[in-house]
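Student: Please find the sequence and the predicted model below.
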Amino acid sequence: MAYQPIDLLDLDAQLTEEERQVRDAVRSFVEREAGPAVRDHFREGTFPMHLVPPMAALGIFGAPIEGYGCAGLGPIAHGLINRELERADSGFRSFTSVQSSLAMGAIHLHGSEEQRARYLPEMAAGRILGAFALTEAEHGSDPASMETRALKVSGGYEITGSKHWITNAGIAHVIIVWAKLDGTIRGFIVDTTLPGLHTHDIDNKLSMRMGVTSTIGLEGVVVPEECLLPGTKGLGSALACLNTARYGIIWGVTGAASDCLSQTLEYTKARHQFGKPLASFQLVQAKLADMATALSQAQLLAFQIGRLKEAGKLHWSHVSMAKYSNVRVALDIARTCRDLLGAAGITDDFSPLRHALNLETVSTYEGTQHMHQLMLGRHLTGFDAIS
Ligand SMILES: Cc1cc2nc3c(=O)[nH]c(=O)nc-3n(C[C@H](O)[C@H](O)[C@H](O)COP(=O)(O)OP(=O)(O)OC[C@H]3O[C@@H](n4cnc5c(N)ncnc54)[C@H](O)[C@@H]3O)c2cc1C
């Protein structure tokens, strides 16, 4: 089915020429290469590694970073990349978020000039792949309680602990590992070939199947002195990277929802029951209208968050609000679209159930819905209901 982007508020008319070019380039990549790869890789539980070089050639990795071989794009263009990629599958946006906002972002935000010059151009070119390891099996929503430790040793640091649910870890060349050094959470650039580092891919996922998610064991891994990210000064340093990745999610999920609605509109117009198209029944139209309205509101929110970011006025509370709200809208749309497709909707001939399954992960990672509601609640009331 040909994809018909849903843009009832004509938000695309606000794009600059450069933003339009970025959107068209990524959309065309999705049409030609990314989209056709999804079904097999989702079934197999693998990421299409052959698409890393064309993604790098599009300037997708580290797109918002100025210099170091990166595209230096503005927030709206960055958002559009995420939207177009997630239209194909959340796995593409997730892979890109981790490479760009989390791994490259950590080096760019907190690294020394030498670290930036050494890693960022190679990562922008897709020759070095990165991961970001904050979560542990026993510490998900509460990463401040992490148990992974770094110990100062002669010439470097010895890291011991474990990480769980780490996107791209099994295919990464370097992992940003967050560990406590003298009680403070610090970030380290850890080469995955170092002795004592083991990854194990999680192969029983029902969500985000087109992507590699792994556990990491760190048994006395010794990293040289220059692998410590000097600017990291506690959990806030990790959260600063997550804020940029969450910005991508706010946009990305509108792409997934738009794809679901596009397919469902086509399907309900073409399929007949009781001698009439499904789309001609009032109950079906009410659902389609509600979804188009909710999607338009989510798109508007993404645009406004982008405008605030452009103006340097974006606060973490905006990101929390839009992350949980837009994911919730997209998940509701994906589930409703699945329903309107009937039995056909449970197959992978159509995208809504796959998007819904993926969005379950998107709702959980980078801060669960509860966590973002509680952070916004704390911001509004001054009372901390998290701990
Ligand atoms: C596919 C996938 C990829 C991931 N990739 C990465 C990655 O690359 N790097 C990384 O570091 N992590 C990654 N994660 C981990 C993710 O960030 C965590 O799963 C997330 O932070 C939630 O932690 P948890 O799963 O331990 O859930 P828990 O923290 O155990 O939460 C379970 C439930 O309890 C609720 N809850 C917890 N505390 C409270 C509270 N105080 N008040 C109310 N409700 C509460 C939560 O909202 C949730 O509903 C990934 C996860 C998945 C599924």
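Tutor: Ah, there it is. If you're wondering where the values come from, they're calculated on a predicted model, not measured in any experiment.
Student: For the closest residue to the ligand within the stretch 51-200 of the chain, grab phi and psi.
Tutor: Residue nearest to the ligand within the stretch 51-200 of the chain (Cβ to the nearest ligand atom): residue 140, separated by 1.8 Å. For glycine as for every other residue, the C-beta is placed from the backbone atoms N, C-alpha and C. Per-residue torsions, residue 140: phi -100, psi -80 (degrees, to the nearest 10).
Student: just residue 223 next, same as before
Tutor: Residue 223 adopts backbone torsions of phi -110, psi 140, taken as degrees, to the nearest 10.
Student: who's in contact with it?
Tutor: By Cβ atoms under 8 Å, 6 or more residues apart in numbering, the contact list for residue 223 reads 156-157, 159, 188-191, 194.
Student: Check residue 222 too.
Tutor: Contacts for residue 222 (Cβ under 8 Å, 6+ apart) come out as 153, 156-159, 194-196.
Student: Validate this expectation: it resides in a helix.
Tutor: No - assessed with DSSP: H, G, I helix; E, B strand; the rest coil, residue 222 is strand; it does not lie in a helix.
Student: That one bridge partners, please.
Tutor: Taking DSSP bridges as the rule, residue 222 bridges to residue 158.
Student: before we move on, the earlier item: inside helices: which ones of the contacts of residue 223?
Tutor: For the contacts of residue 223, not one is inside helices, with DSSP state H as the criterion.
Student: So the residue lying closest to the residue of the stretch 51-200 of the chain closest to the ligand once chain neighbours are set aside, which state does it fall into?
Tutor: Distances taken as Cβ to Cβ, 6 or more residues apart in numbering put residue 165 closest to residue 140, at 7.6 Å, once the chain neighbours are dropped. Of the three states, residue 165 takes strand under three-state DSSP.
Student: Residue 165 contacts residue 135, doesn't it?
Tutor: Yes - at 5.1 Å, residue 165 and residue 135 qualify as touching, with contact defined as Cβ atoms under 8 Å.
Student: neighbour-wise, which of the two wins?
Tutor: Shown here are residue 165 and residue 135; by other Cβ atoms under 10 Å, residue 165 has more neighbours (20 against 17).
Student: re the thing from before, most neighbours out of the contacts of residue 223, which is it?
Tutor: In the contacts of residue 223, the most neighbours by other Cβ under 10 Å go to residue 188, 26 neighbours.
Student: show me what contacts it?
Tutor: Contacts of residue 188 by Cβ under 8 Å, 6+ apart are 150, 157, 159, 176-179, 223, 227-229.
Student: Could you report the pLDDT at the residue nearest to residue 140?
Tutor: Note for residue 165: predicted pLDDT of 98.
Student: Check residue 4 too.
Tutor: 89.
Student: so what's the backbone phi/psi at it?
Tutor: Dihedral angles phi and psi of residue 4 (degrees, to the nearest 10) take the values phi -110, psi 100.
Student: can I assume it is in contact with residue 265?
Tutor: Yes - using Cβ under 8 Å, residue 4 makes contact with residue 265 at a distance of 7.2 Å.
Student: Going by how many neighbours each has, rank the two and give me the top one.
Tutor: More neighbours surround residue 265 than the other of residue 4 and residue 265, with 19 against 13 (other Cβ under 10 Å).
Student: and the more buried one, what is it in contact with?
Tutor: 4, 279, 288.
Student: buried sites along the longest helix seen in the chain?
Tutor: Ranked by residue count and defined by DSSP H, the top helix of the chain is helix 235-270. Neighbour-count burial for helix 235-270, counted by 16 or more other Cβ atoms under 10 Å, picks out 237-238, 240-268.
Student: Reformat the contacts of residue 188 as CSV; add pLDDT and distance to the ligand.
Tutor: Formatted as CSV, these follow (pLDDT from 0 to 100; distance: Cβ to the nearest ligand atom, whole Å):
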residue, pLDDT, distance to the ligand
150, 98, 16
157, 98, 19
159, 98, 15
176, 98, 9
177, 98, 10
178, 98, 8
179, 98, 12
223, 98, 18
227, 98, 18
228, 98, 19
229, 98, 15
